[in-house]
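**Q** pasting the structure only:
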């Protein structure tokens, strides 16, 4: 995958397939114990009586894993200066041990008015189950990037 060297290389509509990842059952349980201890993330029995009817990954875990996957891809390593907020949606639950794929789409690129050496790049991350392309996470986030 090509590493972006300047936000000026980006334009709306560009898309990058970043491969995939898996949140294992052990990782799901560990994250839930530490950060999101709701019964449907922690225990099979309690999860059966939940909205989901089974153990599912925390949406916060899915989001954290997606951010980590984006950073580890290295595609924006030379230009990314951080993000400024995000809109999150979890259209479907993610079961442990389910392979997912991740795609990042450039929604908008605009130069910063106050810092001409920077641009604000709105990215949309889409994480979907590999087996059936059902989206489990969609994020829209403005990233500050070097020009």
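**A** Cool, got the structure. Owing to the predicted nature of the structure, the values given are computational and were not obtained by experimental measurement.
**Q** contact partners of the least confident helix or strand in the chain by mean pLDDT?
**A** When each helix and strand of the chain is scored by mean pLDDT, DSSP states H and E, helix 44-48 comes last, with a mean of 92. For helix 44-48, the external contacting residues (Cβ atoms under 8 Å, 6 or more residues apart in numbering) are 39, 40, 41, 53, 54, 55, 56. (C-beta placed from N, C-alpha, C; glycine too.)
**Q** any chance of those in TSV with secondary structure as columns?
**A** Below are the contacts of helix 44-48 laid out as TSV (DSSP: H, G, I helix; E, B strand; the rest coil):
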residue	secondary structure
39	helix
40	helix
41	helix
53	coil
54	coil
55	coil
56	coil
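**Q** thinking again about what came up before, residues of the very next helix or strand once past the least confident helix or strand of the chain that come out buried?
**A** Once helix 44-48 ends, the next helix or strand along the chain (criterion: DSSP states H and E) is helix 59-73. Residues of helix 59-73 classed as buried by neighbour count (16 or more other Cβ atoms under 10 Å): 59, 61, 62, 63, 65, 66, 69, 70, 73.
**Q** roughly how far is helix 59-73 from the heart of the chain?
**A** 5 Å (Cα atoms, centre = their mean, to the nearest Å).
**Q** picking that back up, taking the contacts of helix 44-48, tell me the two that lie furthest apart.
**A** 41 and 53 (13.5 Å; Cβ to Cβ).
**Q** so which of these two has more stuff around it?
**A** More crowded of residue 41 and residue 53, by other Cβ atoms under 10 Å: residue 41, with 25 against 11.
**Q** so what's the residue count around the closest residue in space to the more buried one that isn't next to it in sequence?
**A** Computed as Cβ to Cβ, 6 or more residues apart in numbering, the closest residue to residue 41 that is not its neighbour in sequence is residue 32, at 3.5 Å. Residue 32 has 22 neighbours, counted by other Cβ under 10 Å.
**Q** centre-most residue in the protein?
**A** Using Cα atoms, centre = their mean, the residue of the chain that lies closest to the mean C-alpha position is residue 66, 3.1 Å off.
**Q** so it sits against residue 139, correct?
**A** Yes - with contacts counted by Cβ atoms under 8 Å, residue 66 reaches residue 139, the gap being 6.7 Å.
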